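# below: sequence and its predicted model.
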Amino acid sequence: MKHVVTIQVDLATRSNIVPVEVTIEYHLENDGVGHYEYWGSTGYDEGNTFIEVDEYHYDNSSFTPEEQEQINAEINSQLDAIVDTISIDSAVDDHYEPEYDTHHDYEYDV
């Protein structure tokens, strides 16, 4: 999945603040274990769904290597705040399926 955001970077080599359009590529992770049995008791751990950033990129063709380093540092400093603005509900698309099957009707002899 992708999220595009524009950040403002105050480059030391330029006299003005430069807007940089950054594309963040990410996927959803879930730390739940799903259905489980523990000492005869059954349960379901739905876990927490969160965003895992794969990479980010921007058009760096007009920036020097020193400016790119400064832009990368600015992106890294803002990355957690940017990710917090992405709604997980809107990130879930019709093709997302968890790695485990969440619909079982287990029957246990007690």
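Cool, the structure landed.
# please make it C-alpha for all contacts and neighbour counts, starting now.
Fine.
# where do the helices of this protein begin and end?
65-84, 88-91 (DSSP state H).
# I'd like the ones you listed as JSON lines, with mean neighbour count, mean pLDDT and distance to residue 59 appended.
JSON lines is the format used below for the helices of the chain (neighbours: other C-alpha atoms under 10 Å; pLDDT from 0 to 100; distance: least, C-alpha to C-alpha, whole Å):
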{"stretch": "helix 65-84", "mean neighbour count": "14", "mean pLDDT": "95", "distance to residue 59": "10"}
{"stretch": "helix 88-91", "mean neighbour count": "11", "mean pLDDT": "68", "distance to residue 59": "24"}
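# where does the protein dip in pLDDT?
Within the chain, the stretches with pLDDT under 70 are 90-110.
# try it again at 50.
The model of the chain has pLDDT under 50 over residues 94.
# what about the residue nearest to residue 60 when sequence neighbours are not counted, distance to residue 74?
Distance criterion C-alpha to C-alpha, 6 or more residues apart in numbering; nearest residue to residue 60, sequence neighbours excluded, is residue 68 at 6.8 Å. As for residue 68, its distance to residue 74 is 10 Å (criterion: C-alpha to C-alpha, to the nearest Å).
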